[in-house]
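Novice: Sequence plus predicted model, see below.
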Amino acid sequence: MPDNTISSAAEMPQFSMPDFPSLVSAQPDPAWPLGQWCQYILLRYMQDLLAQREVVWRNEQVEGVHQIRVAARRLRTALQTFHALWEPAQVRKHSRYLAEFADTFGVARDLDVMIIYLDSQLHGAHRERRAALNWMLESKRRLRLAQQPELEEALRRLEADEYPRRFVELFSSKPFDIRSGGGQP
């Protein structure tokens, strides 16, 4: 179901794409060492997050906000699960950054869900309820539209911080250097 909110007038930035190791796009191999699997998982989740930036910016599909939050949550969970492979300070720093990033999208996601629900209720509602449902629906759409600049700012900040590049560089080189095809550094 398409989102009926209006897209932001702000010009979309040129989103960078970090240089992911070729191993990340390869078929996973059960023979990989555990550390390499952990890196692969983290980097794939980062790819998932980055793939949603344009969708969120354009604000044409509600699923983008949901998917970027899911990817950030998966990254944080994977970092917590595999934390023993990296320096604790690095894991905390990345977990904190990803948590703050994902939190930015919470209100927008809640509004998206409410808009979908109200829209579905409107179609089967009796005439007496339609006016109230329409009012609530338009109110939620205005609130959601007001959230869009905050989402765009979070995406700009992610880009300005060069976070994707720094994340990929760190998690491509430790505990294994998977940029060179796998193996110990």
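Specialist: Happy to help now that I have it. Residues are numbered from 1 along each chain as shown.

Novice: which residue is nearest the middle of this structure?
Specialist: Taking Cα atoms, centre = their mean, the centroid of the chain lies closest to residue 68, which sits 2.0 Å from it.

Novice: Spatially nearest residue to that residue, not counting backbone neighbours?
Specialist: Leaving aside its chain neighbours, residue 68 sits nearest to residue 52 (4.1 Å; criterion: Cβ to Cβ, 6 or more residues apart in numbering). The C-beta positions use only the backbone N, C-alpha and C, and glycine is treated the same way.

Novice: Kindly report the same for residue 129.
Specialist: Skipping the residues right next to it in sequence, residue 129 comes nearest to residue 121 by Cβ to Cβ, 6+ apart, at 8.0 Å.

Novice: how much space is there between the residue nearest to residue 68 and residue 160?
Specialist: Applying Cβ to Cβ, to the nearest Å, the value for residue 52 to residue 160 is 18 Å.

Novice: and if you look at residue 136?
Specialist: 37 Å.

Novice: between the two, who's got more neighbours?
Specialist: Of the pair residue 136 and residue 160, residue 136 is the one with more neighbours under other Cβ atoms under 10 Å, namely 16 against 10.
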